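Peer 1: Structure, please.
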Amino acid sequence: MARPHKADKLLCNDLLFIAEYLGPSERNATEAYQRVHPKSSRRSARSRAAVVLNKPTVQAEIQRRLNVIAHHATGYTRDLIEKDLLWCRETLLREGNAIGLAQVSMDAAKLGGFLVEKREQVNIDAHKGLMRASILELMQTQNEQPVPSPSPAPQPVVSEAGTEQPGTAN
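Peer 2: This next block holds a predicted model:
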């Protein structure tokens, strides 16, 4: 009987790495490796972490733990969502609801990885520079134009009898 290869089973260090990777290291493989092996250099940790992450058993265990986390957090698993989407699809097909069917089909395509939501990435520094330039330009144009001075408040007119009457002086 052939002995299982080292790559076919999880080692203690693999389990420690996975715990660190999914825990305090927040999915930073290099940091997770260095936490498990504190004497390793940053360069060594980066290359060794890649080796550990590429092991099929480590990938499977990470995926299993992520599924457990997702299930406990939301009560949903990928399988449950797929079953729900298929049930909705069948129901909408029977009802002839084309709009609902299109929405379910899009959700299924996203779940299957066929569609990816595009999100615009904005460079904040570039926006700050544009805003700064716009503000400076606006300030320069305002400095070139004379700023209207506020009109004086109307002064009461004093009659010969010594009483004040509203209005402006001549």
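
Peer 1: going forward, measure contacts between C-alpha atoms and count neighbours the same way
Peer 2: OK.

Peer 1: Now do the buried residues in the helix or strand containing residue 45.
Peer 2: Assigned by DSSP states H and E, residue 45 belongs to helix 42-53. Across helix 42-53, burial judged by 16 or more other Cα atoms under 10 Å covers 45, 46, 48, 49, 52, 53.

Peer 1: where's the closest residue to residue 22 other than its chain neighbours, which helix or strand?
Peer 2: Of all residues not flanking residue 22 in the chain, residue 62 sits nearest, at 7.8 Å (Cα to Cα, 6 or more residues apart in numbering). Assigned by DSSP H and E, residue 62 belongs to helix 56-74.

Peer 1: Residue 81 versus residue 21, what's the distance?
Peer 2: Taking Cα to Cα, to the nearest Å as the criterion, residue 21 is separated from residue 81 by 26 Å.

Peer 1: Equivalent analysis for residue 19, please.
Peer 2: 27 Å.

Peer 1: Now the element after the helix holding residue 62, going C-ward?
Peer 2: Counting by DSSP H and E, the next helix or strand C-terminal to helix 56-74 is helix 78-95.

Peer 1: next SSE after that following helix?
Peer 2: Using DSSP H and E, the helix or strand that follows helix 78-95 towards the C-terminus is helix 98-111.
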